[in-house]
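Novice: Please work out how this folds:
(2 chains)
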Amino acid sequence: SQKIEQNSEALNIQEGKTATLTCNYTNYSPAYLQWYRQDPGRGPVFLLLIRENEKEKRKERLKVTFDTTLKQSLFHITASQPADSATYLCALGGNAGNMLTFGGGTRLMVKP
Amino acid sequence: KAGVTQTPRYLIKTRGQQVTLSCSPISGHRSVSWYQQTPGQGLQFLFEYFSETQRNKGNFPGRFSGRQFSNSRSEMNVSTLELGDSALYLCASSPGTASLYGYTFGSGTRLTVV
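Specialist: Below you'll find the model as predicted:
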C-alpha cells in the first residue's frame, strides 16, 4: 500500500539556520507533490507545488526538490525565523482528480 | 477575498446521532474536497466534488456522505456517529486541478462524539 513518511520527531533549529524537512514515499508514482504548513487549530496552508518532471522549485525563502528515483522530496526554509515554527505536511497526488495523500507531518521549532 | 468558510466550528454529538457539516468555498472554485484529521491517522481524504459530481471517494464507510450544490457550496453528512468519528473535518477548495493549484483549506469543524 502507499506509504508517505515524514520525520515524526520535531525538528529543532536555531534562528537563521536552514531547516530541511524530508518526505519519503513508497508504492507510489505521484504526478505532483505539494507542501503545506499547519498551525495548531487551523487548516493547512498551501506553500509550494512541484510536478514529477520538475527537479526544484523556489519561492522566497522556500525551496523544494523532487527526486522520483529516490522517491523523496526535500523542503528547505532558509534564514529560518521563530515565525516559521509550525507543522509541515507533504502531500502527493496522481492524475485522477484532486485527491491528495498526506504524510504525517513534521513539527519544526525555530528557536531565537 | 473571503476564504473557505466552514460551519459550525465546534460540534458535540452523541453516539448514534447524525451530523451535517457545511463548507463554502472561495468564489469561483468549483472543486471542493473533504478531509478528516486525527492525531493517530493524520489527514485522510474523504471525497471530492467538482461541479456537483463526486469525482473521488476515500476509504471511509458509507456512513460518510457528501454533496455539492450548484453554487459550489458543499455539505458532508455522517450518520450513526461513532466515538472514532471524533476529529477535525477540513474542507478545501481549488480553482482547478491540484496538479496546477494548491488547496485552500478552511479552519475546520471540530467534531466530538460522546
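
Novice: other SSEs contacting the helix or strand where B:Leu90 lies?
Specialist: Here B:Leu90 sits within strand B:87-94, counting by DSSP states H and E. Under the contact definition 3 or more CB pairs under 8 Å, 6 or more residues apart in numbering or on different chains; DSSP states H and E, strand B:87-94 sits against strand B:5-7, strand B:19-24, strand B:31-38, strand B:74-78, strand B:104-105, strand B:109-113. For the C-beta atoms, the positions are set from N, CA and C on the backbone; glycine is no exception.

Novice: Output that strand in CSV with nothing but the alpha carbons.
Specialist: In CSV, the C-alpha atoms belonging to strand B:87-94 read as follows (Å, rounded to 0.1, in the frame of the first residue of the first chain):
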residue,chain,number,x,y,z
ALA,B,87,-11.9,14.5,14.5
LEU,B,88,-11.2,17.8,12.8
TYR,B,89,-13.1,17.8,9.5
LEU,B,90,-11.5,20.0,6.9
CYS,B,91,-12.9,21.4,3.7
ALA,B,92,-10.6,22.5,0.9
SER,B,93,-11.4,24.3,-2.4
SER,B,94,-9.4,24.7,-5.6
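
Novice: strands paired with it, and their directions?
Specialist: strand B:31-38 (antiparallel), strand B:104-105 (antiparallel), strand B:109-113 (antiparallel) (DSSP bridges).

Novice: Make CSV from these and add mean pLDDT to it.
Specialist: Shown next, in CSV, are those (pLDDT from 0 to 100):
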stretch, mean pLDDT
strand B:31-38, 96
strand B:104-105, 96
strand B:109-113, 98
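
Novice: Counting neighbours, what do you get for residue 79?
Specialist: The chain I'm using is chain A. Neighbour count for A:Ala79, taken as other CB atoms under 10 Å in any protein chain shown: 12.

Novice: Please refer instead to chain B.
Specialist: Number of residues near B:Ser79 (other CB under 10 Å) recorded here: 14.

Novice: how about a markdown table for the helices and strands packed on strand B:87-94, with mean neighbour count and distance to B:Phe50 added?
Specialist: Formatted as a markdown table, those follow (neighbours: other CB atoms under 10 Å in any protein chain shown; distance: least, CB to CB, whole Å):
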| stretch | mean neighbour count | distance to B:Phe50 |
| --- | --- | --- |
| strand B:5-7 | 16 | 19 |
| strand B:19-24 | 19 | 14 |
| strand B:31-38 | 23 | 5 |
| strand B:74-78 | 20 | 10 |
| strand B:104-105 | 22 | 15 |
| strand B:109-113 | 18 | 21 |
